[in-house]
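**Student:** quick one, what's the 3D model for this:
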Amino acid sequence: MNDLSSPPLDRIDCHLTMAWQEVGSVSISDGGRLTFPDIGNTPGLYRITIRRATSREVYIGEATNLRRRFHNYRSPGPTQETSKRINGLLMKVLAEGAEVGVAVALEAMIDSGHGPELADLTSKVTRCLAENAAILAAARTADRIHNLAQKVPDSAVP
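**Tutor:** Below you'll find the predicted structure:
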């Protein structure tokens, strides 16, 4: 329970640490559908990296169940706009000869001033914090971030 007698936080100082683990690549099966690395039914973050001859593009996401999320990209439903968009993007770049890799982060540490603690990735709020931090970090090195309508301005990258 919150102590209402405490003054409100005027400053937030939070440090997030996580590491990507490469888990495999995306390809197109003989049946013409996307195939993803086998990931468990676990919450976490994922990074899809598209490597072309002259560029590196990424899409970063979070999910309560990574296996289900990748299934949605493989077989998007009629109302799943993001899943349809990612499916179309991956089918297109793979047909053009790009390499597509997948990495996941299944753990993260957060230090909000009381020492590092294991982040609860079952929490949507925590996953979104980590996802947005990862998007900002990727904007420093990727040529394109598919989460964004345009590249993050340099002024927004720490």
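**Student:** export stretch 73-92 to CSV, keeping only CA atoms.
**Tutor:** What follows is stretch 73-92 as a C-alpha-only set of coordinates in CSV (Å, rounded to 0.1, in the frame of the first residue of the first chain):
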residue,chain,number,x,y,z
TYR,A,73,2.9,-13.5,-37.0
ARG,A,74,2.9,-16.8,-38.9
SER,A,75,-1.0,-16.9,-39.2
PRO,A,76,-2.4,-13.5,-38.5
GLY,A,77,-6.2,-13.2,-37.9
PRO,A,78,-8.3,-10.8,-40.0
THR,A,79,-8.4,-8.2,-37.2
GLN,A,80,-4.7,-8.5,-36.1
GLU,A,81,-3.3,-5.4,-38.0
THR,A,82,0.2,-5.5,-36.4
SER,A,83,0.5,-9.3,-37.0
LYS,A,84,-0.6,-8.9,-40.6
ARG,A,85,1.9,-6.0,-41.1
ILE,A,86,4.8,-8.0,-39.6
ASN,A,87,3.8,-11.1,-41.6
GLY,A,88,3.8,-9.1,-44.8
LEU,A,89,7.1,-7.4,-44.0
LEU,A,90,8.9,-10.6,-43.2
MET,A,91,7.5,-12.5,-46.2
LYS,A,92,8.6,-9.6,-48.5
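**Student:** and it, what's buried?
**Tutor:** If you call a residue buried by 16 or more other Cβ atoms under 10 Å, then stretch 73-92 has these buried ones: Y73, R74, P76, S83, I86, N87, L89, L90. The way it works is simple: take the backbone N, C-alpha and C, and place the C-beta from them, glycine included.
**Student:** quick one: average pLDDT of stretch 128-140?
**Tutor:** Stretch 128-140 shows an average pLDDT of 93 in the prediction.
**Student:** please identify which helix or strand holds the closest residue to N72 other than its chain neighbours.
**Tutor:** Leaving out its chain neighbours, the residue that sits closest to N72 by Cβ to Cβ, 6 or more residues apart in numbering is S83, at 4.3 Å. Here S83 sits within helix 81-95, counting by DSSP states H and E.
**Student:** so what does that helix touch, helix or strand wise?
**Tutor:** strand 21-28, strand 34-35, strand 44-51, helix 66-74, strand 99-105 (3 or more Cβ pairs under 8 Å, 6 or more residues apart in numbering; DSSP states H and E).
**Student:** out of those, flag the one nearest L129.
**Tutor:** Distance to L129, taken as Cβ to Cβ, is lowest for strand 44-51 among these, at 10.4 Å.
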